[in-house]
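> only geometry, no sequence info:
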């Protein structure tokens, strides 16, 4: 069923990009129980199998029906482009218990038997306690599932935002939406998201829209947040196909002989723009070593760099792309 957002003139001026470690945590929890999402994430699933099994995620899974309402209070719109998990979790913990109760009741109504289940009854009976329980569970999920990999995930999400921000400047909102997903259509004032959970229409009324890439939401596009929260659109980030793969076997042997194996690995790891810390994490190298190689590659005309937020992102020039693709 369609999800439609109706824009006014002022809404077009209030579209912003953001990323959310809390949202990635929630969607990672959802991915554990959704085999349809496993394709790109099998290496990650193998790495977190034991720690995920110890989390007791049933209360969160119960509030994540396949179709229908998902509680907004456990994943409110990000408060800014550089919000930390701790800052976002503090927002969850501050939720009014009555708001939480209504939010949970709507989700449980869309889960067959949800309200009558023991967990559902417990959550609704004491919403203040439920807020704390769910926040604690999200915190443990963050520590086990996301935090060890956050530099890599954040680099990919920031690279997506940098790319689509440039596209927004070049071709406007219609051009960006056309690239984000084939499920999106735009008629000049209304954004329609096909294949989403539920049939929902909302007039933005000057609030604008938060556009948020996600690693774990693939293959879905999610239109999110009921009033009073700002509307959001969550879409699969670019480059997730190579997110969990190392560079072993992908660096051409001739390029390794030309540049040196490690420097060639750094060049070939830049399938998407990335910063020094993310590349170091991905390649298992010291950040100082990666920084030195990036400087040499940039000086040779194989990379360009630009500042985004708190870090510098590197990406290959046409010459760098050609070399990385050589056999």
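Yes, it's here. The model shown is predicted, which means the values in this text are computed figures rather than measured ones. Residues are numbered from 1 along each chain as shown.

> what ranges do the strands span in the stretch 201-327 of the chain?
Assigned by DSSP state E, counting those that start in this stretch, the strands in the stretch 201-327 of the chain fall at 210-214, 222-224, 232-236, 303-308, 311-316.

> ok, now the stretch 1-150 of the chain?
For the stretch 1-150 of the chain, the strands defined by DSSP E, counting those that start in this stretch occupy 3-6, 16-17.

> ok, back up a step: got CSV for the strands of the stretch 201-327 of the chain, with mean neighbour count too?
(Glycine included, C-beta is placed from N, CA and C.) As requested, the strands of the stretch 201-327 of the chain are exported to CSV (neighbours: other CB atoms under 10 Å):
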stretch, mean neighbour count
strand 210-214, 24
strand 222-224, 22
strand 232-236, 22
strand 303-308, 14
strand 311-316, 20
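
> could you point out the longest helix of this protein?
helix 150-180 (DSSP state H).

> helices and strands around the helix or strand just after it, which ones?
Next along the chain after helix 150-180, taking DSSP states H and E as the criterion, comes strand 184-186. The contact analysis (3 or more CB pairs under 8 Å, 6 or more residues apart in numbering; DSSP states H and E) places strand 184-186 against helix 150-180, strand 190-193.

> so which of the ones you listed comes closest to residue 94?
Checking these against residue 94 by CB to CB gives helix 150-180 as the closest, at 23.0 Å.

> that older thread, let me know the angle separating the longest helix of the chain from strand 303-308.
Interaxial angle of helix 150-180 relative to strand 303-308 (axes from the mean of the first three to the mean of the last three CA atoms, to 10 degrees): 90 degrees.

> which elements pack onto helix 150-180?
Counting by 3+ CB pairs under 8 Å, 6+ apart, helix 150-180 packs on strand 16-17, helix 21-32, strand 184-186, strand 210-214, helix 276-283, strand 303-308, strand 311-316.

> got the contact list for the most centrally placed residue in the chain?
For the chain, the residue nearest the mean C-alpha position is residue 214 (2.0 Å; CA atoms, centre = their mean). Residue 214 makes contact with 23, 24, 27, 157, 222, 234, 235, 236, 237, according to CB atoms under 8 Å, 6 or more residues apart in numbering.

> now for these: which two are most distant?
Pairwise distances across those (CB to CB) peak at 15.1 Å, for the pair 157 and 222.

> could you verify my assumption that residue 163 touches residue 238?
Yes - the pair residue 163 / residue 238 is scored as a contact, 6.4 Å apart, by CB atoms under 8 Å.

> intersection of neighbour lists for the two?
Counting by CB under 8 Å, 6+ apart, the shared contacts of residue 163 and residue 238 are residue 272.

> so where's the stretch 51-200 of the chain shaky on pLDDT?
Where the stretch 51-200 of the chain drops to pLDDT under 70, the residues are 81, 195-199.

> mind running it again at 90?
For the stretch 51-200 of the chain, applying pLDDT under 90 flags the ranges 65-72, 75-83, 110, 114, 151-200.
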